[in-house]
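A.B. asks: Provided below for reference: sequence and predicted model.
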Amino acid sequence: MTPDRSTAPTHPLETTVEGRLFTPASSVLELRAVSCAYEPGRPAVQGISFSAREGEILCLLGPSGCGKTTILRAIAGFEPVRSGQLFLSGQLMSSPDVTVPTENRRVGMVFQEYALFPHLRVQDNIAFGLRHLARSERAVRVQEMLRLTGLEGYERRYPHELSGGQQQRVALARALVQNPVVLLLDEPFSNLDPDMAGRMRQELHDLLRRTKTTTVLVTHDHDEAFAMADRIAVLNQGRLEQFDTPEMTYHMPATPFVADFVGQADFIPGTVSQGMVHTELGEFPDTIECKDGTAVVVMIRPDDIHLVPTKGAQARVLSRQFHGSENLYTVSLPSGQIVHSSQGSTSIYQAGTTVEIRVLATHTVLFRREDSTG
Amino acid sequence: MATIRQQLASPLQLLALASAGIILLPLGYVTAQALSADPVVWRRLWATRIPELLFNTVSLAASVAVITLILGVSTAWLITRVEIPGRRLWEGALVLPLAMPTYVLAYVYSYLLGFGGPAEHLWQLAAGPQARIFSPHSFWGATLVMALDTFPFVYLLSRSALLSMNVSFEEVARASGVSRLATLWRVTLPLMRPSIAAGIALVVLYVVSDFGAVSLLRYQTLTYAVFQQMTGRSDNTAASILSLLLVVIALIFLITERWFRQRSRFYQTTGRYRAPERHRYGRLGTLTVISYLGLIVGAAFALPASLLIQWSLSPEAQATIDNRFFGFVWNSAILAASASTGGVLIGLPLAYLACRRPTLLNLSCLQAAYAGYVLPGPVAALAVLILFTTVAPVFYGSVLILIVAYVIHFLPAGLQSLEPALQHMSPNLEEVSRTLGLGMRDTWRRVTLPLVRNGFIVAWVLMFLQTMKELPATLLLRPVGFDTLAIRVWMEASEEYYQLAAPSALLIVLLSLPALALLVSKDWRAA
């Protein structure tokens, strides 16, 4: 993971989401308040704004049906834009009045199931969009891509003679050989088995860095987004919830939805008085400056909760899930509130063990109670 | 996911609308003619012909349905669940009767069962010189011929139901202590029910719209009556009324078939496929099974085919194979080639739009194209005839009118292979071509067409071969003196010149075999 340090804000809460939306013209891809709808009156995505700089890898992250694929297809020019504008390299591509045809946008796309032309060999698939070049030039470019993607020796095969990972590399080569302005990847790892997906993730990341390709990647898997992205756009029900670095998205989620979606989170109810939040797990600083008596929830991740087995303590272990590198405990507080705690692989406590709970948060995230979906 | 292809929409859309219009217009004219007919004509028909015709049609359909049910299900079960020598061979042989047009089988059986024919001779040897068997020109004759010709529909659908059925259902029943026979009755057959019903509906649709067999066996059904009204009395109004009735009946069974076929998908729960265990019978059991299958295949295909070969080799038949004969072949080929080319050209935009832009309009256009299914040959001919005499009488008696009737009649057969070919092609393939800088037209040329080419060819071949053996529309619409192979078979057979009809009939059967292979191989999986 190589996050773009220059974009990481010094203090998370000083930089609002909007603050970075309308970046200067240097951005390769820019969406301004884009909405799309399959049926009028029922927008699939609404008011989406973000931008990508040269060579940046963006992830669109969200549950299925959140509209992330719609955004990808709008960038490619497959879906018209109902309102807002979409720019590629500073040029207007989509608006309610204008839709530049896909073939004139110079976008590269890798579909979920790769969409390799079954009637063409690997080399002809890769050379498909190079008709305007001379034959010799074409061969050189294809060879170069074959080498880059490690497909040498497979150029005369047909797609059905390749493994899933090889098919994906062909699809990638076919898109990259065009030198696209932006590369679009739709759930690229969902058709691979987990082992292969992990390896391809690393390979793809290296390749994109080496070719300095600006990339938009759609996924519903937060681990994949964390591993690949410079910045992540979290979407929910057609709206952008947060646009930030992976670290910020995880540690400083902007909404309870984001907090919950990018990893396990517990929401502990509390009340503000005199600048502190009072909860069952102790007191936390009030970072959102509420009036006294405001009902809030504190988001805590399992890795910030530590358990110490203590006779006579009030919290009790309900169950343990072994994950290999860690144990995930479900713990019941005296009030009945459930919290989760991640402990080392070798810390094994039986169900029913009474435990003391220590919160080791260096930072806490607060939400007003009515926002909470927790 | 709705994909926007505005540029593509307009010209193709117009084309599709026009095609749907051409197909629906004749049907509309027939309906209009029937509904606007003088009530006196309706009353006369209701009082005289319709009750008898309806009774004949329905009783023939019912008796054929019962016999095909027994033949089809039993053969399917034997093939999939019993180990017999030469199983693969039997499996394919049971489909062969579909290659026999009904008029060919009818003509062979009117010889076999006819007065002084071989069957009567055999019977008289056993039962005395005065004994008679039932005449082929009767209800039973028509039932026998139609059942032998159509039972493979039930066989095919039952067979694939048995093959795709999750064997675990049967194993669970056996594990619960249910006997083998009771398992068949309580588990296997109920699970096959939708497939069997779809097969029976197909059989009924076929029987109701058949012209060839009933006309040669002189058995009065609605379809035959439409033909007679048009030729004998030149009464197109009465023919329209009977046609309307026929279309309604056919529509009912078409919808029934679709409905059951859809349900059968739910019944055939997918699971990991495992070959069912096949029973092994003793020597006597195996012999019984083989004689049963042999009897069916023999009666429905082997015996008629060998008779045709024998007749074709006779000197009388050899004498007819001259330039005139090749003229008929040529006529048939030219007609079939133009009809199938026209059908593919009309079918492709319809199928493409319905597949890629499934709006209500486009789906209706496609459904309109399937209207040919409910138009028995004489009705299609009548419809086109009425349309042309009203709109463009110039073409009356020309080949064009015949080709239009063929296209309307056989377009559904073509669409059935065009549609899946397009559906199997992911729209992503076209989209990815656009991201690689190709425009709409280049994408069609370099991606869509190469990928649907096979479906395209299959559709063409199927329509070609179906048109080749079409009988009633050709009889009614052909230009004077323009005979085809099918016409020759029917004419010679009507006059009981069995030998003279044989070469044309044999050629038709041989040409039908590749069409059958194409049709069946689409979702064939050997048992």
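C.D. replies: The structure has been received and is ready for your questions. In this text, all values refer to a predicted model and were calculated from it rather than measured experimentally.
A.B. asks: How many residues are close by whatever residue of the stretch 301-450 of chain B ends up closest to chain A?
C.D. replies: Going by Cβ to the nearest Cβ, chain A is nearest to B:L436 of the stretch 301-450 of chain B, at 2.9 Å. The C-beta positions use only the backbone N, C-alpha and C, and glycine is treated the same way. The number of residues packed near B:L436 is 28, by other Cβ atoms under 10 Å in any protein chain shown.
A.B. asks: Domains in the chain, by residue range?
C.D. replies: Unless you meant another one, I'm taking chain A. In terms of domains, chain A is parsed into A:5-106+A:180-260, A:264-371 (source: automatic domain parsing).
A.B. asks: oops, chain B please
C.D. replies: Following automatic domain parsing, one finds the domains of chain B at B:9-47+B:313-527, B:49-103+B:138-270.
A.B. asks: can I get these in a markdown table with mean pLDDT?
C.D. replies: Output for the domains of chain B, formatted as a markdown table (pLDDT from 0 to 100):
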| stretch | mean pLDDT |
| --- | --- |
| domain B:9-47+B:313-527 | 85 |
| domain B:49-103+B:138-270 | 86 |
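A.B. asks: can I assume the residue of the stretch 301-450 of chain B closest to chain A is in contact with A:G129?
C.D. replies: Yes. Contact status for B:L436 versus A:G129: in contact at 2.9 Å, counting by Cβ atoms under 8 Å.
A.B. asks: how many neighbours does A:R135 have?
C.D. replies: Other residues near A:R135 number 9, with proximity taken as other Cβ under 10 Å.
A.B. asks: What of B:F325?
C.D. replies: Neighbouring residues of B:F325 were enumerated by other Cβ under 10 Å; the total is 17.
A.B. asks: list the contacts for the residue lying closest to it once chain neighbours are set aside?
C.D. replies: The shortest distance from B:F325 to any non-neighbouring residue, by Cβ to Cβ, 6 or more residues apart in numbering or on different chains, is to B:P503 (6.8 Å). By Cβ atoms under 8 Å, 6 or more residues apart in numbering or on different chains, the residues touching B:P503 are B:S312, B:A317, B:T320, B:I321, B:F325.
A.B. asks: Just the pLDDT at the first one, thanks.
C.D. replies: To tie it back to what came earlier, the one meant is B:S312. pLDDT, the model's per-residue confidence, is 90 for B:S312.
A.B. asks: Next up, the contacts around it.
C.D. replies: When contacts are counted by Cβ under 8 Å, 6+ apart, B:S312 touches B:Q318, B:A502, B:P503, B:L506.
A.B. asks: just checking, the last one touches B:L308?
C.D. replies: Yes. Applying Cβ under 8 Å as the test, B:L506 and B:L308 come out as touching, 4.5 Å apart.
A.B. asks: Among the two, which residue is more densely surrounded?
C.D. replies: B:L308 (27 against 21).
A.B. asks: Strands along the stretch 151-300 of chain A, start to end?
C.D. replies: With DSSP state E, counting those that start in this stretch as the definition, the stretch 151-300 of chain A shows strands at residue ranges A:182-186, A:215-219, A:231-236, A:239-244, A:266-273, A:276-279, A:282-285, A:295-300.
A.B. asks: Oh, that last question was meant for the stretch 1-150 of chain B, not what I typed.
C.D. replies: The residue ranges that make up strands in the stretch 1-150 of chain B, judged by DSSP E, counting those that start in this stretch, are empty, as it has none.
A.B. asks: Helices along that one, start to end?
C.D. replies: B:6-35, B:39-47, B:49-81, B:87-93, B:102-112, B:118-127, B:139-164 (DSSP state H, counting those that start in this stretch).
A.B. asks: How about the stretch 251-374 of chain A?
C.D. replies: Taking DSSP H, counting those that start in this stretch as the test, the helices found in the stretch 251-374 of chain A are A:256-261.
A.B. asks: Grab the nearest non-local neighbour of A:T99.
C.D. replies: Nearest residue to A:T99, sequence neighbours excluded (Cβ to Cβ, 6+ apart): A:P80, at 5.1 Å.
A.B. asks: which SS class is the one you found?
C.D. replies: Assigned state for A:P80: coil (three-state reduction, DSSP: H, G, I helix; E, B strand; the rest coil).
A.B. asks: so how far is B:P358 from it?
C.D. replies: Relative to B:P358, A:P80 is positioned 18 Å away (criterion: Cβ to Cβ, to the nearest Å).
A.B. asks: likewise B:V432?
C.D. replies: Going from B:V432 to B:P358 by Cβ to Cβ gives 21 Å.
A.B. asks: ok, the two, which is more surrounded?
C.D. replies: With other Cβ under 10 Å as the criterion, B:V432 and B:P358 differ in neighbour count, and B:V432 comes out ahead with 29 against 12.
A.B. asks: before we move on, the earlier item: nearest to B:I290, out of the strands of the stretch 151-300 of chain A?
C.D. replies: When these are ranked by distance to B:I290, counting by Cβ to Cβ, first place goes to strand A:182-186 at 56.2 Å.
A.B. asks: Nearest spatial neighbour of the residue positioned nearest the centre of chain B, chain-adjacent residues omitted?
C.D. replies: Computing the C-alpha centroid of chain B and ranking residues by Cα atoms, centre = their mean puts B:Y206 first, at 6.2 Å. The shortest distance from B:Y206 to any non-neighbouring residue, by Cβ to Cβ, 6+ apart, is to B:T150 (5.3 Å).
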